[in-house]
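Q: Got a sequence here, can you model it:
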Amino acid sequence: MKLRLASRIVLFFVLLVAVLLGAVGALSYRSGSESLRAAVISGMLSKAVEKEAALNTWIEKGMDDIGRIARHKDVVQHAAGLVVAAPRSSEARVAYKVLLEELEPYVSSPRSDFTELFVMDAESGKVLVSTNPVEEGKSKLGHTYFDNGKVDVYLQLPYLSVDSKVPLMTVGIPLRATNGRVVAVLAAQLDLGQMSTIALRRSGLYETEDSYLINAEGFLVTQPRLIREPEVLRRRIDTEAARALVAGDNGVTLAPDYRGVPVISVYRWISSLRLGLLVEIDQAEALAPVRAFGQSLVLISTLALLVTTVLAFFLARTITRPLVTLQEKVRRFGEGNIEGDFLNFQGDEVSVLAHEFGRMSARVVERTTELAQANEALHLENSRRKRAEETAAEKTILLSNVINASPDFIIVKDKDLRTRLCNQAVGRAIGKEPEELYGKTDIENGWPHEQVKGNASKSIRGFEADDLEALAGNTVHNPADPANVGNEVCYFDTLKVPLHDAAGAIIGMLGVARDVTARKRAEEALERANRSLQIAAAVIENASEGVMVIDAKLQIESVNPAFEQITGY
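A: Sure thing, here's the model as predicted:
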């Protein structure tokens with residue numbers, strides 16, 4: 001169903017504005033979304049870098065503190081005394097008490113990074129003194145921080161304690177005498193709560209902001225804020241960001257987190273700690289302003305489309321109203337009413353169109369009269385032409401009948417020696433209908449040209465030579481051309497003349513051939529009879545006997561010399 005002009009104008013403007021608003025809105029939404037995403041990621045990256053620096057600072061401070069304790073002269077001296085003193089001796093008790101008093105302040109201080117400090121025998125690994133009495137007397141042989149702590153300061157990354165089943169991170173360092181001998185091993189349990197606090201520091205801008213640490217195996221090292229059950233070193237995180245961290249990469253991903261919720265993840269691998277830091281925010285919250293912006297764009301675009309529709313409607317009315325009036329006038333004109341002006345509007349294009357249409361209508365009336373007269377003259381001309389064509393057709397039929405009735409061979413060829421017209425006599429001679437010969441040469445039509453039974457006949461090449469002579473502008477007449485017809489040599493009296501167009505140029509040739517075989521045969525028979533009579537006359541003339549020739553009336557016609565001699569006549 002076709003729309004009216006007004007509807008099409010309104011639809012055009014609405015679609016145009018819709019496309020423009022859609023394109024601008026899409027570009028704006030995309031630009032805003034990318035800008036917001038970039039801003040969020042930039043903030044998250046800054047937060048991750050800040051946390052990474054804070055973690056490195058915290059670890060370095062803990063390492064510096066335990067190093068300072070290990071270098072304390074009284075600590076080394078009393079640890080050495082405790083190692084060599086007899087168990088339960090006064091020297092052992094004194095050394096134990098003094099050593100414990102030296103270690104306690106490093107644990108009890110509010111700013112301390114340690115939850116426990118203890119000294120182990122360098123040989124047996126037995127805990128000699130500890131700020132946690134429960135640990136005293138236990139052997140730490142086989143623990144990484146003990147084995148490596150006898151050599152140099154060593155940080156054992158978070159691990160799950162076999163005894164307490166709680167996460168621990170321990171630093172071991174040797175206590176060396178002035179001569180460099182290792183007298184004991186000092187160990188400190190770092191406060192993982194402080195590391196978790198650093199990891200969980202929030203900007204306060206997002207409700208779903210979360211950050212946590214994982215180790216090289218992907219297990220949680222700090223407790224995520226959005227998980228209630230204790231999962232440290234118990235749960236392995238297998239997300240896209242976690243896999244990238246385990247591979248030692250840094251970057252940003254937009255993928256589901258451990259809850260299956262789409263988040264923006266900024267991940268950084270802290271090589272000094274061999275831990276990975278993840279800072280995450282739910283995409284729904286981070287990109288919420290973009291969705292609000294998109295809704296605003298949709299609302300604004302809808303209002304713009306409504307305004308455009310109203311304006312387009314009024315614009316269409318201003319265009320179509322005069323056109324409808326003009327249409328009515330044109331309809332009346334089509335019915336033959338051509339009086340009066342077409343429109344009363346002034347100054348616009350439609351009025352000009354109506355004025356020009358009025359002028360055109362007057363001209364149409366004039367032209368209609370002229371066309372009627374021309375049509376009558378054309379009708380007369382067509383009648384004359386039709387009669388001429390009928391006469392020409394009758395002449396053509398008559399000429400065709402005359403040509404086909406002729407016993408002579410009549411053929412017309414073009415400049416390429418291809419047959420364009422021939423009569424029935426030619427077709428009968430070749431054994432085909434004349435129409436089958438059109439457009440072909442004599443060779444293609446199978447015109448006989450071979451020698452038959454040793455009788456010489458003119459070859460097709462000879463006939464073609466005559467044709468070419470005629471095409472050259474010369475008339476060629478051969479009174480007795482031999483040619484093979486069937487298995488017999490026949491003779492034809494041939495005439496070949498050039499054909500010219502109206503300008504005088506040669507366009508082909510006409511060939512006419514009459515069968516003169518009977519006449520040729522009679523001439524040949526007469527010639528043979530004459531020769532026979534000549535021979536007979538010579539024989540009679542020279543005969544020794546008398547010979548007398550008498551005609552049908554019994555009158556003497558002639559005698560030979562011998563007869564004259566015998567009779568004396």
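Q: So residue 129 sits against residue 116, correct?
A: No. Contact criterion Cβ atoms under 8 Å: residue 129 and residue 116 do not qualify, at 11.3 Å. C-betas here are computed from N, CA, C, even on glycine.
Q: okay, those two: which has more neighbours?
A: Shown here are residue 129 and residue 116; by other Cβ atoms under 10 Å, residue 129 has more neighbours (23 against 18).
Q: OK, contacts around residue 171?
A: Listed by Cβ atoms under 8 Å, 6 or more residues apart in numbering, the contact partners of residue 171 are 62, 63, 66, 145, 149, 153, 154, 155, 156, 187, 188, 190.
Q: And the fifth one, its phi and psi?
A: I take that to be residue 149. Backbone torsions of residue 149, given as degrees, to the nearest 10, read phi -70, psi -20.
Q: burial count for it?
A: The tally of other residues near residue 149 (other Cβ under 10 Å) stands at 29.
Q: swap in the third one?
A: Around residue 66 there are 24 other residues, counting by other Cβ under 10 Å.
Q: So for it, what's the pLDDT?
A: Reading off the confidence values, residue 66 has pLDDT 93.
Q: The last one too?
A: Here, the pLDDT recorded for residue 190 equals 93.
Q: Contacts only, for residue 177.
A: Going by Cβ under 8 Å, 6+ apart, residue 177 touches 76, 80, 183.
Q: no wait, residue 176
A: Here residue 176 is in contact with 70, 76, 182, 183 (Cβ under 8 Å, 6+ apart).
Q: which ones among those are found in strands?
A: Applying DSSP state E to the contacts of residue 176, the entries found in strands are 182, 183.
Q: Name only those of the contacts of residue 176 that count as buried.
A: Buried by 16 or more other Cβ atoms under 10 Å: 70, 76, 183, out of those.
Q: Between those, which sits nearest residue 242?
A: Using Cβ to Cβ, residue 70 comes nearest to residue 242 of the buried ones among the contacts of residue 176, at 36.1 Å.
Q: which SSE is residue 494 in?
A: If you go by DSSP states H and E, residue 494 is part of strand 488-500.
Q: now for that strand, which elements pack on it?
A: Where contact means 3 or more Cβ pairs under 8 Å, 6 or more residues apart in numbering; DSSP states H and E, strand 488-500 is packed against helix 460-471, strand 476-485, strand 506-515, helix 517-542.
Q: before we move on, back to that, would you convert the contacts of residue 177 into CSV that also reports pLDDT and distance to residue 446?
A: Formatted as CSV, the contacts of residue 177 follow (pLDDT from 0 to 100; distance: Cβ to Cβ, whole Å):
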residue, pLDDT, distance to residue 446
76, 92, 132
80, 90, 135
183, 92, 131
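Q: helix, strand or coil for residue 60?
A: Per DSSP: H, G, I helix; E, B strand; the rest coil, the local secondary structure of residue 60 is helix.
Q: Which pLDDT value goes with it?
A: On the pLDDT scale, residue 60 is placed at 92.
Q: Quick check: the gap between it and residue 113.
A: Here the distance between residue 60 and residue 113 works out to 10 Å (Cβ to Cβ, to the nearest Å).
Q: and if you look at residue 259?
A: Relative to residue 113, residue 259 is positioned 32 Å away (Cβ to Cβ).
Q: got the contact list for residue 58?
A: Applying Cβ under 8 Å, 6+ apart, the residues near residue 58 are 113, 194, 195, 198.
Q: and if you look at residue 263?
A: For residue 263, the contact set (Cβ under 8 Å, 6+ apart) comprises 208, 254, 255, 256, 257, 280, 281, 282, 283.
Q: picking up where we left off before, is it possible to get a markdown table of the buried ones among the contacts of residue 176 that adds distance to residue 22?
A: What follows is the buried ones among the contacts of residue 176, written out as a markdown table (distance: Cβ to Cβ, whole Å):
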| residue | distance to residue 22 |
| --- | --- |
| 70 | 70 |
| 76 | 78 |
| 183 | 80 |
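Q: nearest to residue 85, of these?
A: residue 183 (12.2 Å).
Q: so what's the closest one closest to, chain neighbours aside?
A: Among residues not flanking residue 183 along the chain, residue 80 sits closest, at 4.0 Å (Cβ to Cβ, 6 or more residues apart in numbering).
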